[in-house]
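S.K.: sequence-free structure coming up:
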Ligand code: AMP
Ligand code: MG
């Protein structure tokens, strides 16, 4: 039987993981797939935008110095959007123009049709016009050569609009990490496949981990649940390693006889970076690497697997994608109304609900804290971090990782 050499502290483990996890390399993605990704390079304007002086309204382009109230103009051409007029506007002349139409040569103002006698071959102006009136100047939005989006910007709809307006069809981004998830355990049955025989349970971890990885912006796929059999496990891990940037396994990584995952990893050339953390839930977490692939051996208990994902895997995926490690997982101070003891010698991340009070954020245990209690995570808003051996007094503040950011805005979705 193997035993843990030295358990790494939480902060140390996260640091080692991040140090061993590089950013994804930059790739070009089509605009339609860029939302939520992070720009890997500055984006520079290729030309002045708008590219030409154009009209902000429907009306007539004319010379402002002719444009006294009561003056009658002759309409010599039209300039709808996309079809510039080739004529030049002379004294007492006007060109019919629509929003986005190129302001014709000679004209320096556009009057709204509402301020004239109407559409026709001639019109009378009701209101004088100022120079530049209703003209959108070339370059007033963006100047050629200017950095319009900085590397590190998360791409949303406005960034996509701006890039498209400059003719970019693709954006240089940090690629989405490819994650492959593999559950292990001879007791596991596929949900939907059949009923359970004695001793069996449904595989929930691989589905949960795929969902968590997707939420973190990764492209994630589930392999299958491999039985605790050396051969099966080995070929499953091999398959996962061959196509992923990050492999997540669940189960089989502790000190039991059927904990074969580490052996399979070792045989397949995965170098162990660490095994064992001073953290609950999830003491047996394994982290390793093989060339460009990062491997997390997560514990089998569903809560341990999911909490370890949150605390150790998610920051790595965020870093790979060029985002802040704690993106969308704010840290806040919370207090409890009752005394909280941590009798284990490890940092304990406890599942709590958050309640806004006059004093700040009150945490309340989301229920029993056993690592097998799948339902408890559906009730948790945050993980409160209680130090080893700590006795937290009522009202004393501790740090918490918020899992549901919307709760901070008073918009918890729970009924
Ligand atoms: P292990 O780490 O393999 O010893 O598993 C610890 C506990 O987690 C056992 O009760 C397993 O049955 C359970 N478990 C392991 N894998 C899964 C899974 N994929 N889905 C749900 N429970 C699991
Ligand atoms: Mg197992």
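M.R.: Received the coordinates, thanks. All of these numbers come straight from a predicted model, not from anything done at the bench. Numbering: from 1, shown residues only. Ligands and ions are numbered 1, 2, ... in the order given.

S.K.: how about the strands of the stretch 301-415 of the chain, start to end?
M.R.: 331-335, 340-341, 347-357, 360-365, 382-386, 391-392, 397-402 (DSSP state E, counting those that start in this stretch).

S.K.: Excluding residues flanking it in the chain, which one is nearest the closest residue to ligand 2 within the stretch 101-250 of the chain?
M.R.: Closest approach between the stretch 101-250 of the chain and ligand 2, counting by CB to the ion: residue 185, at 3.8 Å. C-beta coordinates here come from the backbone N, C-alpha and C atoms, glycine included. Spatial nearest neighbour of residue 185, excluding adjacent residues (CB to CB, 6 or more residues apart in numbering): residue 251 at 4.6 Å.

S.K.: Give the burial count for the residue of the stretch 101-250 of the chain closest to ligand 2, as a bare number.
M.R.: By other CB atoms under 10 Å, the residues close to residue 185 number 19.

S.K.: Tell me where the model's unsure across the protein.
M.R.: 1-2, 411-415 (pLDDT under 70).

S.K.: Could you break it into its assigned domains?
M.R.: 10-24+176-320, 26-49+154-174, 54-136, 331-409 (automatic domain parsing).

S.K.: could you dump the ones you listed to TSV with distance to residue 4?
M.R.: Output for the domains of the chain, formatted as TSV (distance: least, CB to CB, whole Å):
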stretch	distance to residue 4
domain 10-24+176-320	4
domain 26-49+154-174	34
domain 54-136	67
domain 331-409	11
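
S.K.: Helices along this protein, start to end?
M.R.: For the chain, helices defined by DSSP state H occupy the ranges 10-19, 157-165, 205-215, 230-243, 261-267, 302-308, 314-320, 374-377.

S.K.: burial of the residue nearest to residue 47 when sequence neighbours are not counted, as a residue count?
M.R.: Nearest in space to residue 47, with sequence neighbours left out and distances taken as CB to CB, 6+ apart, is residue 144 at 5.0 Å. Residues lying near residue 144 (other CB under 10 Å) number 13.

S.K.: Pull the number of nearby residues for the closest residue to residue 167 other than its chain neighbours.
M.R.: Residue nearest to residue 167 in three dimensions, not counting chain neighbours: residue 46, with 6.1 Å by CB to CB, 6+ apart. Residues within reach of residue 46, counting by other CB under 10 Å, total 14.

S.K.: show me what contacts the closest residue to ligand 2 within the stretch 251-400 of the chain?
M.R.: Residue nearest to ligand 2 within the stretch 251-400 of the chain (CB to the ion): residue 251, separated by 3.8 Å. Contacts for residue 251 (CB atoms under 8 Å, 6 or more residues apart in numbering) come out as 183-185, 205, 261, 298-300.

S.K.: ok, so of those residues, who is nearest residue 362?
M.R.: residue 299 (29.8 Å; CB to CB).

S.K.: State the number of residues packed around the closest one.
M.R.: 25.

S.K.: measure the residue nearest to residue 390 when sequence neighbours are not counted to residue 304 for me?
M.R.: Spatial nearest neighbour of residue 390, excluding adjacent residues (CB to CB, 6+ apart): residue 342 at 4.7 Å. Shown here: residue 342 relative to residue 304, a distance of 16 Å by CB to CB, to the nearest Å.

S.K.: what comes up buried for stretch 49-64?
M.R.: Within stretch 49-64, the residues that count as buried by 16 or more other CB atoms under 10 Å are 49-50, 53-55, 57-64.

S.K.: Endpoint to endpoint, that stretch covers what distance?
M.R.: Stretch 49-64 stretches 24 Å from its first residue to its last (CA to CA, to the nearest Å).

S.K.: Would you point out which residue of the stretch 251-400 of the chain is nearest ligand 1?
M.R.: residue 300 (2.4 Å; CB to the nearest ligand atom).

S.K.: Against residue 154, how distant is the closest residue to that residue other than its chain neighbours?
M.R.: Leaving out its chain neighbours, the residue that sits closest to residue 300 by CB to CB, 6+ apart is residue 251, at 3.1 Å. Residue 251 sits 34 Å away from residue 154, going by CB to CB.
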